[in-house]
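Peer 1: Got a predicted structure here, sequence first:
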Amino acid sequence: MISEYANTSVVSTGDKTTRRVLIHGPALMLVEFRFQKGGIGTPHRHADHDQVGYVAKGSFTITVGDESRTAHVGDTYYAARNVLHGVVALEEDSVLIDAFTPPRADFL
């Protein structure tokens, strides 16, 4: 399966954030999250999903469990099931690419 970016849909997820499902299969999903400066990915946890993320643009404060760090382009994170995690876009518009397993049905 091949997915063209131009054919994916953007969903507003907050005042300064959007989500775009890039591709998904039965066991894995790839999602782009765009944040305007100051945009917040509210701390939350997933009971049924593992998540890994990649900073594709900009910078974030990323919190996973008890750990909080400033992350820049190329940095990654892993949030296991039931681990509290969240992000804040820092001094510029920023982009995260997140993978979820299993796929998040609520995003489809």
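Peer 2: All right, it came through fine. It should be emphasised that the depicted structure is a prediction, and the values quoted were computed from it without experimental measurement.

Peer 1: G65 reaches L84, doesn't it?
Peer 2: Yes. If you go by Cβ atoms under 8 Å, G65 and L84 touch, sitting 6.3 Å apart. For glycine as for every other residue, the C-beta is placed from the backbone atoms N, C-alpha and C.

Peer 1: my read: I97 touches V31, true?
Peer 2: Yes. Counting by Cβ under 8 Å, V31 is a contact partner of I97 at 7.3 Å.

Peer 1: Between those two, which contacts overlap?
Peer 2: L22 (Cβ atoms under 8 Å, 6 or more residues apart in numbering).

Peer 1: Could you pull out the strands in the protein for me?
Peer 2: Using DSSP state E, the strands assigned to the chain run over residues 10-14, 17-24, 29-35, 40-44, 50-57, 59-64, 67-72, 76-79, 85-89, 94-101.

Peer 1: And those: which comes nearest E4?
Peer 2: E4 lies closest to strand 17-24 among these, at 9.9 Å (Cβ to Cβ).
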